[in-house]
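# need the 3D shape of this:
(one chain, ligands or ions: 1)
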Amino acid sequence: MSEIMGLGIAGARELLAKGEATATDLVKAVAKRVAERNAEVGAYLTFDEEGALKLAAENPKAVPIAIKDLINVEGQPCTCGSKILEGYVSPYDATVVKNLKANGFIPCGRVNMDEFAMGSSTENSALGVTRNPYDLTRVPGGSSGGSAAAVGGNLCFAALGTDTGGSIRQPASFCNCVGVKPSYGRVSRYGVTAFASSLDQVGPMTKDVTDAAILLGALAGHDEMDGTTPEDPVPDYAAALEGASLKGVKLGLPKEYFEISGLDPEVRRITDEAVAKCQAAGAEIVPVSLPHTEYAMAVYYIIAPAEASANLARFDGVRYGHRSAQAKDVYSLYVKSRAEGFGPEVKRRIIMGTYVLSSGYYDAYYGRAQKVRTLVKRDFDEAFSKVDALLTPCAPTPAFRLGELQDPLTMYLNDLFTIPSSLAGVCAASVPAGFTRGTNLPVGVQFICGGFEESKLLRVCKAYEEVNS
Ligand code: GLN
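This next block holds a predicted model:
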């Protein structure tokens with residue numbers, strides 16, 4: 001059974017179709033692998049074998065999927081990597097989970113993450129350490145580090161992650177997975193614990209591009225519970241991969257992404273090689289400029305904390321999760337429950353967010369950041385009037401060591417290449433590109449396409465995957 005775990009969704013479905021395995025066999029194979037390897041990797045927080053086996057018996061052709069710990073699955077814990085939600089059990093399924101169940105998937109376990117998805121290494125989880133399966137002394141990236149470690153370490157067939165400023169793409173790059181951040185509105189956020197509501201998206205983290213297309217097709221679409229999801233029909237992403245080619249594709253290289261200091265030389269080399277391979281496969285390489293890139297980071301660290309400070313106000317010790325035993329009155333109940341329940345990074349974001357929204361500062365910070373966000377978005381509109389897709393590094397470095405980045409600002413810089421496309425609301429993906437010399441760590445490259453151009457994005461990714469294999 002162990003070789004089963006090398007498979008992805010398409011491979012697992014092939015076994016099911018041929019009658020060589022049932023969903024029950026797949027769940028058992030995952031359970032066995034988790035029992036053997038999770039103590040070391042720490043990808044899963046909980047594995048619901050009993051629940052998964054029950055669903056497998058009802059749907060013998062389904063494939064188990066690991067779920068990031070902020071997406072609600074009825075009857076399962078949903079702790080968001082936080083002490084404040086310890087013991088909380090979801091009363092309902094998120095729309096993406098309903099969609100998964102309706103499309104032949106089984107949610108089988110909860111995977112670790114930075115607390116409330118704030119972070120780039122999963123070290124902000126209050127619930128345990130997750131290690132990079134390619135080098136256990138290193139981080140898996142974050143915030144969807146548990147998802148990436150589970151996929152990259154063959155502890156699942158595929159996983160769901162979420163991305164607000166890079167949290168699907170950067171860990172995918174660190175753990176040799178494909179990670180797709182869909183366009184804002186492509187996938188419902190109903191039942192997904194909100195971090196920054198104007199940025200959050202759920203997306204697939206998979207072993208290859210074909211699986212990403214299959215899983216995105218299962219997740220995407222209109223949901224009356226999320227007003228940002230348009231009613232247009234969802235294209236058949238898996239079918240769109242047919243005949244994918246780079247011939248004649250105009251690939252833009254944003255100069256600002258290659259001029260940045262702090263770009264690891266091995267990441268640079270692997271990205272340059274990806275460009276050369278695309279060119280050899282017939283892509284036309286076009287230099288482009290995204291002139292507002294240098295402001296994107298500052299804009300994100302105003303808008304995301306602002307929205308987070310509002311979203312996280314609900315965790316007050318009254319309705320959900322941890323309630324302080326030390327409280328004497330309502331005010332101290334709020335203060336003490338939050339002080340005891342939230343970790344330092346979440347507190348930092350709430351304080352920053354509250355500050356930038358406070359009266360007298362709103363226009364100077366939040367209002368201005370929204371204006372600059374529009375300029376960042378216009379850069380992308382302008383670039384996509386000239387090219388089909390952009391090719392960039394995904395993260396400035398390969399996976400770093402656990403404990404290596406102590407200063408929050410250095411940690412924030414991990415998302416330099418992923419934040420601008422999040423602000424613009426366009427779609428983007430990380431695709432495995434190669435391994436560093438010496439340290440032998442995986443590195444992904446990022447492809448970016450315009451809003452709701454996932455078919456085009458996935459075709460480009462698939463064609464690159466083929467020429468890179
Ligand atoms: N690392 C970024 C942050 O800490 C992005 C996180 C995410 O995309 N959820 O905010």
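# flag every residue of this structure that's near the ligand.
With C-beta under 6 Å from any ligand atom as the criterion, the chain comes near the ligand at residues 117-120, 143, 163-167, 195, 304, 415. Heads up, the C-betas are built off the backbone N, CA and C, glycines and all.
# low-confidence regions, the stretch 101-250 of the chain specifically.
In the prediction, the stretch 101-250 of the chain carries no residues with pLDDT under 70.
# all helices in it, in order from the N-terminus.
145-152, 169-174, 209-219, 237-240 (DSSP state H, counting those that start in this stretch).
# mean neighbour count for those helices - can I get that in a markdown table?
Below are the helices of the stretch 101-250 of the chain laid out as a markdown table (neighbours: other C-beta atoms under 10 Å):
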| stretch | mean neighbour count |
| --- | --- |
| helix 145-152 | 36 |
| helix 169-174 | 36 |
| helix 209-219 | 26 |
| helix 237-240 | 18 |
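# contact partners for the closest residue to the ligand within the stretch 201-350 of the chain?
Closest residue of the stretch 201-350 of the chain to the ligand, C-beta to the nearest ligand atom: residue 304 (5.5 Å). The contact partners of residue 304, by C-beta atoms under 8 Å, 6 or more residues apart in numbering, come to 164-165, 195-196, 199, 349, 353.
# can I have the buried ones of those residues as a ChimeraX selection?
ChimeraX command restricting the contacts of residue 304 to the buried ones, with burial defined by 16 or more other C-beta atoms under 10 Å:
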select :164,165,195,196,199,349,353
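# tell me which of the contacts of residue 304 fall in strands.
Secondary structure from DSSP state E places none of the contacts of residue 304 in strands.
# and which of the contacts of residue 304 is nearest residue 394?
If you rank the contacts of residue 304 by distance to residue 394 using C-beta to C-beta, residue 165 comes first, at 12.7 Å.
# what segments of the stretch 51-200 of the chain are strands?
Applying DSSP state E, counting those that start in this stretch to the stretch 51-200 of the chain gives strands spanning 63-68, 105-111, 159-163, 178-181.
# kindly apply the preceding question to the stretch 351-469 of the chain instead.
389-393, 427-435, 442-449.
# which of the strands of the stretch 51-200 of the chain sits most buried?
Counting by mean count of other C-beta atoms under 10 Å, strand 178-181 has the highest mean neighbour count of the strands of the stretch 51-200 of the chain, with a mean of 33.
# which of the strands of the stretch 51-200 of the chain sits closest to residue 93?
strand 105-111 (8.4 Å).
# name the helices or strands packed onto that closest one?
Here strand 105-111 touches helix 23-41, strand 44-47, helix 49-58, strand 63-68, helix 95-102, helix 145-152, going by 3 or more C-beta pairs under 8 Å, 6 or more residues apart in numbering; DSSP states H and E.
# give the closest residue to the residue in the chain positioned nearest to the ligand in space, chain neighbours not counted.
Shortest the chain-to-the ligand distance, computed as C-beta to the nearest ligand atom: residue-wise this is residue 167, at 3.0 Å. Of all residues not flanking residue 167 in the chain, residue 143 sits nearest, at 4.1 Å (C-beta to C-beta, 6 or more residues apart in numbering).
# give me phi/psi at the one you found?
The phi/psi pair for residue 143 (degrees, to the nearest 10) reads phi -80, psi -10.
# with residue 328 instead?
Given degrees, to the nearest 10, the pair of backbone angles that residue 328 has is phi -110, psi -30.
# doesn't residue 313 lie inside a strand?
No - read with DSSP: H, G, I helix; E, B strand; the rest coil, residue 313 is helix and lies in no strand.
# circling back: against residue 120, how distant is the residue nearest to residue 167?
In this view, residue 143 and residue 120 are 7 Å apart by C-beta to C-beta, to the nearest Å.
# any low-confidence regions in the stretch 251-400 of the chain?
Using pLDDT under 70, the stretch 251-400 of the chain has no residue that qualifies.
# most neighbours per residue, which of the helices and strands packed on strand 105-111?
Ranked by mean neighbours (mean count of other C-beta under 10 Å), those are led by helix 145-152, with a mean of 36.
# may I have that one as CSV, with CA atoms only?
The C-alpha coordinates for helix 145-152 follow below in CSV (Å, rounded to 0.1, in the frame of the first residue of the first chain):
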residue,chain,number,x,y,z
GLY,A,145,2.8,24.6,6.0
GLY,A,146,0.9,21.6,7.1
SER,A,147,-0.8,21.3,3.7
ALA,A,148,2.5,21.6,1.9
ALA,A,149,4.3,19.2,4.2
ALA,A,150,1.5,16.6,3.8
VAL,A,151,1.6,16.8,0.0
GLY,A,152,5.4,17.0,-0.3
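# noted, bye for now.
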